[in-house]
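# Here's a sequence, model it:
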Amino acid sequence: MQAVVINQYGGPEELQMTTIDQPTIAADEVLVAVKATSINPIDWKARQGLLKGMFDWQMPVVLGWDVAGIIVAAGPAVTKFKLGDAVFARPDIYEDGRRGTYAEYAAVKEDKLALKPTELSFEQAAALPLAGLTAYQVIHNQLKIQAGEKVLIQAGAGGVGLNAIQIAKYLGAKVATTASPNHHDLLKKLGADQVIDYHTTAIQDVLHDYDAVFDTIDAIDDGLAILKPTGRLVTIDGQPTDAQKAQGPTVTSWWLQPNGQELAILGELAVQGQLQIVIDQVFPFSTAGLQAAHRYSENSHSAGKLIINVGTEA
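Below is the predicted model of the structure:
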């Protein structure tokens with residue numbers, strides 16, 4: 001099959017289209033003909049070699065951790081899905097580093113799958129898994145946001161932030177966020193009650209007595225400064241120090257746990273109109289397309305998801 005791989009860590013130029021073996025599925029896995037995948041910051045951080053401490057991959061490595069497509073094979077232990085089903089998922093990160101979604105086919109465990117709602121395109125479905133699940137798990141499961149609470153979501157125009165704002169509003173919270181001025185109108189449309197230009201304003205100067213902070217930019221001290229003593233902060237981009245943990249508010253870090261059932265909830269929220277999927281740009285499945293998408297993600301402040309249209313025939 002065709003896949004875009006890296007043969008060594010480095011810049012976007014390391015992404016190259018090549019031919020590799022199609023993944024062999026286990027008993028509890030399905031094989032998905034990939035229609036679309038997406039770009040996340042973890043992709044280019046992995047490409048740069050910043051995840052070497054977590055994953056001991058052997059080259060070549062296939063990146064990518066969002067998938068939407070059609071099931072073309074299923075292991076004997078798979079019972080909830082069948083050939084021909086349109087699905088989407090955030091697959092596991094496999095130890096061999098060869099099963100990313102920058103490829104024509106991807107192996108996905110059954111418990112990570114959700115049926116793609118017919119109302120969503122493959123591109124829309126591919127935009128949801130990693131960013132949507134991260135937002136849902138932090139806002140709903142970890143911070144346990146309640147109606148009437150005040151929550152700050154850092155970097156609201158990013159893929160995670162866009163979802164987190166809408167999920168927090170769905171739960172009845174008052175939401176503040178940070179963003180560049182050109183994104184303020186979009187974020188207010190999606191439900192943000194207050195949007196702060198981080199270029200000109202420190203959050204500590206305008207926000208006080210908040211119940212919760214979702215830190216996506218490793219600005220833990222800034223978040224702690226606006227919390228109530230009983231507040232809580234979850235970071236997905238930093239590691240809290242002992243001193244930060246001792247200040248009073250609860251401070252924890254979170255790493256996404258792929259979950260098909262929670263992904264199905266997000267799909268339903270999108271169908272209901274409670275969760276708008278924002279796509280910034282769609283790139284072709286090619287060496288040039290992946291390189292351009294990585295450069296755009298790494299160097300720009302886009303609003304919404306960057307999608308790769310793979311379009312594999314099932």
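# ok, the longest strand seen in the chain: who's next to it in the sheet?
When the chain is parsed with DSSP state E, its longest strand is strand 29-39. Strand 29-39 has its sheet partners listed here by DSSP bridges as strand 67-74 (antiparallel), strand 105-109 (antiparallel), strand 305-309 (antiparallel).
# so which of those strands comes closest to residue 59?
strand 105-109 (19.0 Å; C-beta to C-beta). To be clear about C-beta, it is placed using only N, CA and C from the backbone, and glycine gets the same treatment.
# Go through the next helix or strand after the closest one and flag the buried ones.
Next helix or strand after strand 105-109 toward the C-terminus (DSSP states H and E): strand 113-115. For strand 113-115, burial by neighbour count (16 or more other C-beta atoms under 10 Å) applies to 113, 114, 115.
# do stretch 42-58 as well
Residues 42, 43, 44, 46, 47, 48, 51, 57 are the ones in stretch 42-58 that count as buried (16+ other C-beta under 10 Å).
# tell me the mean pLDDT for that stretch?
Mean pLDDT, computed over stretch 42-58, is 91.
# what's the span of it from first residue to last?
Using C-alpha to C-alpha, to the nearest Å, one end of stretch 42-58 lies 18 Å from the other.
# Can you find the helix or strand in this protein with the smallest mean pLDDT?
Every helix and strand of the chain was ranked by mean pLDDT, DSSP states H and E. The lowest is helix 242-245, at a mean of 91.
# What helices and strands are in contact with that helix?
With contacts taken as 3 or more C-beta pairs under 8 Å, 6 or more residues apart in numbering; DSSP states H and E, helix 242-245 sits against helix 220-225.
# re the thing from before, tell me which helix or strand comes right after the longest strand of the chain.
For strand 29-39, the succeeding helix or strand toward the C-terminus, using DSSP H and E, is helix 41-48.
# Could you identify the helix or strand that succeeds that next one?
That would be, after helix 41-48 and using DSSP H and E, strand 61-62.
# what does that next one contact?
For strand 61-62, contacts defined as C-beta atoms under 8 Å, 6 or more residues apart in numbering pick out 3-6, 20, 46, 97-103.
# Ranking by neighbours, what's the top pick from these?
Counting neighbours by other C-beta atoms under 10 Å, residue 101 leads the contacts of strand 61-62 with 32 neighbours.
# For that residue, give me its contacts.
Neighbour list for residue 101: 34, 37, 62, 64, 65, 66, 67, 91 [criterion: C-beta under 8 Å, 6+ apart].
# Which members of the residues you listed define the maximum pairwise distance?
When C-beta to C-beta is used, the two most widely separated members of the contacts of residue 101 are 62 and 66, lying 13.1 Å apart.
# which one of the two has more residues nearby?
Applying other C-beta under 10 Å to residue 62 and residue 66 shows that residue 66 carries more neighbours, namely 31 against 22.
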